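Novice: here's my sequence, what's the structure:
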Amino acid sequence: MSSIETHDKNMTGVQEELLRIIQSDEVSGLLDEVVDRIEEIEGAYQQIRQLRETVKPLLPGNSEYNERYWMAAYILYPKSSELLEKIKRFKETYLEMEKLEQVVESHKEEKEKLEAQIELLEGEREDIQYGIEETLSESLEYYLSFDDSELEDMIWRIMTDYYEEYYEKAKK
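Specialist: Reported below is the predicted structural model:
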């Protein structure tokens, strides 16, 4: 067999395989999607070609930027003032947001420090309260040792009322 015959046979085999793919129900959806993308690319290519032809006369001979930069600038040109203003506002807004996020973060750190301080003070308050109760208990031990004495109950009620009253004042 000659190389031309082999080539023709191979071409026929490829054509048959391509036709089988085109006629296949299993890949018809995928095939349609690829066809649509090819059409979009062809359309975009034509638009880029037109844009290139429009921009070519505007290119200075000694530009440090290549043709694509000039094409991109031409696309942005009709609304460039508006676009630049919006980009400026976007940057300003973004920077302001960053500042506020830093403030929030510093407040979170400060809050955590204050909560840790409160926790330490709470422990100290509990120790002091325990000390007060222990001192009262020692001082009044003699009186509390009497049978049927209501003195202990009365003192604990006074202390409980004192703590509750103090907490209410502290909340205000």
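Novice: ok, residues contacting stretch 70-82?
Specialist: Stretch 70-82 has contacts (Cβ atoms under 8 Å, 6 or more residues apart in numbering) with I48, L51, R52, T54, V55, L58, L59, S63, L83. Every C-beta, even on glycine, is put in place using the N, C-alpha and C of the backbone.
Novice: and the helix ranked longest in the chain, how far from the chain's centre?
Specialist: Scanning the chain for the helix with the most residues, using DSSP state H, yields helix 80-139. Relative to its chain's centre, helix 80-139 lies at 21 Å (Cα atoms, centre = their mean, to the nearest Å).
Novice: so who does the closest residue to I132 other than its chain neighbours touch?
Specialist: Distance criterion Cβ to Cβ, 6 or more residues apart in numbering; nearest residue to I132, sequence neighbours excluded, is M159 at 7.4 Å. By Cβ under 8 Å, 6+ apart, M159 lies in contact with I132, E133, L136.
Novice: and M159, what helix or strand is that in?
Specialist: Per DSSP states H and E, M159 falls inside helix 151-171.
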